[in-house]
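Visitor: Sequence plus predicted model, see below.
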Amino acid sequence: MYSFEEDRILRWLRSENVNEVLLQVPDGIKPYIGGLVNFLVENDISVFVSGSHTWGGCDIAFNEAISIGIRHIVHIGHHGPVRVANFRGIKVLFIPGYYEIDTEKVSVLLIDFLRGKYNSIGLFTTIQHYRDFKKIVNELEKQKIRVYTGKSPDPFLPRGVIIGCDPRASDYLEKDVDVIVVIAGGIFHALSIGLWRSEKKVFSLDPYILKIKDVTPSIRKILSLRLHNIINAIDKEKFIIVISTKPGQFFFSQAKKIEKMLKKHGKKVLKIITEEVRRETFINMRVNDYGYINSACPRLSIDDPEIFPGPVVNIGEAKYILGIAKIEEYSLRDCLILNI
């Protein structure tokens, strides 16, 4: 189902003159790596598999590698690096884990969806489907559909590829389009563009179940939730600033900046630092009547706000509780912005 590029991994390990490696794989792909593990073991490579979750190219198992003295990680299923290229000399090889989809069925579904309604399309995908992306674009263009895409400023993201916290590629479409479609499982990635380009109609095309879904209702729900959190946080006198130790999610300078500004406004501040942000952390500390500033992954507040026992705002939203901006000026982009 997935391409793990076994020969490429082995060549990389041989070129590095190492015979041990830490494999890091998202939970959804873990059941399929048996063949890769056997291949490496048969070629005299000692393999450790990280049992932890990984949510993206920002979430690398550096600490696990350090604890067992391994200097090489193969990270499967995400593009990278994201905001951290090297950590304490540990090297990382990113393997996309391409998934072979039925490009003909996806193209037919998309053509039928567009015909008679939209003349031009902004098209994006995730790293798993990038290998088939150009085939789908070609099929659409054969049907005289104008297809445009863009590239994120992130040098490691290929043209047309987005991630959950980086939809900036949609800012670089060659021309304005009637609709934006994201080819990806579920709506997680389509929501990324929907939040960033809320003035556009955005759809998710799930290539696994061959369904197209309008994400507009979800965007409206998120907007309501974000405003609700900000308004409730404005009245709080005490704040917890949540800091993640994951190197790709470690926005410590921003957290310190927000702390200084909160104290200037007479707010009390408690800083909690953790690797994995979990609700149990806050519940166990019995911190009541606090607002939360999330300086870790911004999608935590968007997709899993119940993690936080009180109203939570992201780094880019902190300006509203600090009086730097008025709530009437709120933009959904602020929930993905990583600086204040």
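Guide: Sure thing, it's come through. Numbers count the residues shown, from 1 in each chain.

Visitor: just for the protein, where's the confidence low?
Guide: 85 (pLDDT under 70).

Visitor: Walk me through the domains of it.
Guide: Following automatic domain parsing, the chain resolves into domains at 2-97, 103-214, 220-335.

Visitor: Switch those over to TSV, and while doing so, append mean neighbour count to every line.
Guide: C-beta: built from backbone N, CA, C; applies to glycine. Converted to TSV, the domains of the chain look like this (neighbours: other CB atoms under 10 Å):
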stretch	mean neighbour count
domain 2-97	17
domain 103-214	18
domain 220-335	18
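
Visitor: Mind exporting the C-alpha coordinates of stretch 49-56 to PDB?
Guide: Only the C-alpha atoms of stretch 49-56 are listed here, as PDB (Å, rounded to 0.1, in the frame of the first residue of the first chain):
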ATOM      1  CA  VAL A  49      10.700   1.400  16.200                       C
ATOM      2  CA  SER A  50       9.400   4.400  18.100                       C
ATOM      3  CA  GLY A  51       6.100   3.600  19.800                       C
ATOM      4  CA  SER A  52       5.200   7.200  20.300                       C
ATOM      5  CA  HIS A  53       2.800   9.300  18.200                       C
ATOM      6  CA  THR A  54       4.100  11.600  15.600                       C
ATOM      7  CA  TRP A  55       2.000  14.300  14.100                       C
ATOM      8  CA  GLY A  56       4.300  15.800  11.500                       C
END
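
Visitor: Give me the contact list for it.
Guide: 22-27, 30, 33, 37, 59-61, 64, 75, 77-78, 80, 82, 163-165, 248, 276, 297, 299 (CB atoms under 8 Å, 6 or more residues apart in numbering).

Visitor: And for stretch 210-224?
Guide: Applying CB under 8 Å, 6+ apart, the contact partners of stretch 210-224 are 105-106, 109-110, 113, 181, 187, 190-191, 194-195, 198, 201-206, 302, 332, 335.

Visitor: Spell out for me which residue occupies the centre of this protein.
Guide: Central residue of the chain (CA atoms, centre = their mean): Gly164, 3.0 Å from the mean position.

Visitor: what residues are up against that one?
Guide: 55-56, 188-189, 191-192, 299.

Visitor: Go again with 10 Å.
Guide: Contact partners of Gly164, counting by CB atoms under 10 Å, 6 or more residues apart in numbering, are 55-56, 58, 126, 184, 188-189, 191-192, 195, 297-299, 302-303, 336.

Visitor: For Leu300, see how far away it is.
Guide: 11 Å (CB to CB, to the nearest Å).

Visitor: Likewise for Cys58?
Guide: 12 Å.

Visitor: shared neighbours of these two, anything?
Guide: Common neighbours of Cys58 and Leu300 (CB under 10 Å, 6+ apart) are 244, 249.

Visitor: What segments of the stretch 101-250 of the chain are strands?
Guide: 120-125, 146-148, 179-183, 202-206, 211-214, 238-244 (DSSP state E, counting those that start in this stretch).

Visitor: just checking, what packs against the last one?
Guide: Which is strand 238-244. Packing partners of strand 238-244 (3 or more CB pairs under 10 Å, 6 or more residues apart in numbering; DSSP states H and E): helix 252-264, strand 268-274, helix 279-285, strand 291-294, helix 299-303, strand 312-314, helix 318-321.
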